[in-house]
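>>> got a predicted structure plus its sequence, pasted below:
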Amino acid sequence: MSIYDYKAVDIRGNERSLSEFKGKSLLIVNTASKCGFTPQYEGLQKLYDKYQGKLEILAFPCNQFGKQEPGSSEDIQSFCDLTFKTSFPLFKKIDVNGDNTHPLYQYLKDELPGLLGSKKIKWNFTKFLVDSEGHPIKRYAPIDKPESLEKDIEKSFK
C-alpha cells in the first residue's frame with residue numbers, strides 16, 4: 001500500500017482519493033477546534049500559502065482527545081473559515097486511535113511510530129509529513145509549531 005491508495009471523505013461529504021495529491025508533499029494533521037493547539041491553524045495556513053502548488057495540508061478533525069472537536073462538519077468548516085480563513089482541505093471527523101481508526105491513520109502510524117515505538121496518536125495536532133513521491137518521512141508532536149517544520153518541508157520536495 002502507498003499513501004495514494006487511501007481515500008477519505010472531505011468536510012462536505014465527498015469521497016476524495018489521496019492520489020489526487022500526487023507530486024505534492026503532504027502535511028497530514030489531526031485537528032480540533034477547542035484545543036490549546038488550535039491556534040496552529042494559523043501557522044498551517046501560512047505554510048499552505050507559502051508553498052502553494054508544492055504542499056497540501058490535509059486536516060482531519062478528531063474528537064478523541066478531551067472531546068475538543070464536538071461540532072458537526074458544518075460547525076467545523078464555519079469555525080475554520082471564520083476564525084482562521086483556512087483554504088487547505090478539511091476532512092470529515094475521524095478516529096485516529098482505537099477500533100475505528102481511519103485506515104489512512106493506521107497506515108501513517110505503522111510507517112512512522114511515535115516515541116519509543118508507540119503507534120498511538122497522543123493528542124490533537126500530531127503531524128505527518130509525506131514527501132512528494134508519497135513516502136511518509138517524519139512525524140511531529142502536537143507541540144511542534146507549523147513554522148518549525150519549514151526546513152523539513154522544503155527537503156520533502158523532489
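Perfect, I can see it now. No experiment lies behind these values; they were computed from the predicted model shown. Numbers count the residues shown, from 1 in each chain.
>>> contacts only, for the one residue sitting closest to the centre of the chain.
In the chain, the centroid-proximal residue (CA atoms, centre = their mean) is residue 29; its distance is 2.0 Å. Neighbour list for residue 29: 40, 44, 57, 58, 59, 60, 125, 126, 127, 128 [criterion: CB atoms under 8 Å, 6 or more residues apart in numbering]. No exception for glycine: its C-beta is placed from N, CA and C like everyone else's.
>>> mean confidence score for whichever strand or helix holds it?
Assessed by DSSP states H and E, residue 29 sits inside strand 25-31. For strand 25-31, mean pLDDT is 98.
>>> so which elements touch the next helix or strand after that strand?
Using DSSP H and E, the helix or strand that follows strand 25-31 in sequence is helix 40-50. Contact here means 3 or more CB pairs under 8 Å, 6 or more residues apart in numbering; DSSP states H and E; on that basis helix 40-50 packs against strand 25-31, strand 55-61.
>>> looking at the ones you listed, which is buried most?
Of all the helices and strands packed on helix 40-50, strand 25-31 has the most neighbours on average by mean count of other CB atoms under 10 Å, namely a mean of 25.
>>> show me the one of the helices and strands packed on helix 40-50 that comes nearest residue 157.
strand 25-31 (5.9 Å; CB to CB).
>>> what lines up beside the closest one in the sheet?
Here strand 25-31 has these sheet partners by DSSP bridges: strand 55-61 (parallel), strand 127-130 (antiparallel).
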